[in-house]
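1. model this:
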Amino acid sequence: MLLVEGEEVVGEITTEEGIRRAKERNLDLVEVSPMSSPPVCKIMDFGTYLYNQKKKDKKQKKAQKQTETKTVRLSIRTGLHDMEIKAKMARKFLGNRSILKVVIIFKGREMAHGDLGFAKMDEFFKMIEDIATIEQKPKRQGYQMTMILNPIK
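-> Next up, the predicted model:
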């Protein structure tokens, strides 16, 4: 097996010799690359190595933010001021790199006026088009119409 100390290769030694050198220093002999020929080993404190590896993994996981899907509900009767408030909330969601789902719920006779729903969706998108792109255009599904927006990269 090849023995590595720090960044430099010490040389090819037997497994028993590697274990003996590790015990002299009160450290562990760790196989770094078992598939290579000959296998590569390193003398190190394995507990410290595992601890540092966990810290590194935790830091990477923390940096990797899961994208959430946030929803904003509208109606074809939603007024201009309420739309502005919903747009402000949508800006906050998009600023946090979340995906935004805009939903219009149709009630009763509103079902016959899908065109008003498309107009309301278009009006809402125009309020936030500077920070969002359309991933899925407005689509009607039964009693509701949905549109999905992504934040601009």
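
2. where does the protein have low pLDDT?
-> Within the chain, the ranges that satisfy pLDDT under 70 run 6.

3. if we go to 90?
-> Within the chain, the set of residues satisfying pLDDT under 90 comprises 1-19, 21-22, 25, 27-46, 48-49, 60-68, 96-97, 114, 152-153.

4. helices along that one, start to end?
-> Using DSSP state H, the helices of the chain run over residues 15-24, 46-63, 80-95, 114-128.

5. which helices and strands sit right next to the third one?
-> Contacts defined by 3 or more C-beta pairs under 8 Å, 6 or more residues apart in numbering; DSSP states H and E place helix 80-95 against strand 69-74, strand 99-105, helix 114-128, strand 144-151. C-beta here means a position set from N, CA and C on the backbone, and glycine is covered the same way.

6. just the angle between the last one and helix 114-128, please?
-> Angle between the axes of strand 144-151 and helix 114-128 is 20 degrees (criterion: axes from the mean of the first three to the mean of the last three C-alpha atoms, to 10 degrees).

7. how far does strand 144-151 sit from the chain's center?
-> Mean C-alpha position of strand 144-151 versus that of the full chain (C-alpha atoms, centre = their mean, to the nearest Å) differs by 19 Å.

8. can you tell me the strand partners of it and which way each runs?
-> Listed by DSSP bridges, the sheet partners of strand 144-151 and their directions read strand 99-105 (antiparallel), strand 132-141 (antiparallel).

9. what's the shortest one in contact with?
-> Identification of contacts with strand 99-105 by C-beta atoms under 8 Å, 6 or more residues apart in numbering yields 67-76, 90, 93-94, 117, 120-121, 124-125, 132, 135, 143-151.

10. okay, buried residues for it please.
-> When neighbours are counted by 16 or more other C-beta atoms under 10 Å, the buried residues of strand 99-105 are found to be 99-102, 104.

11. tell me how far stretch 14-27 is from the chain's mean position?
-> Here the centre of stretch 14-27 is set off from its chain's centre by 43 Å, with C-alpha atoms, centre = their mean.

12. if you count neighbours, what's buried in it?
-> Within stretch 14-27, the residues that qualify as buried by neighbour count (16+ other C-beta under 10 Å) are 18, 21-22.

13. same check on stretch 26-33?
-> Buried residues in stretch 26-33, counting neighbours by 16+ other C-beta under 10 Å, are found at 28-30.

14. residues making contact with that stretch?
-> 1, 4, 18-19, 21-22, 39-46, 49.
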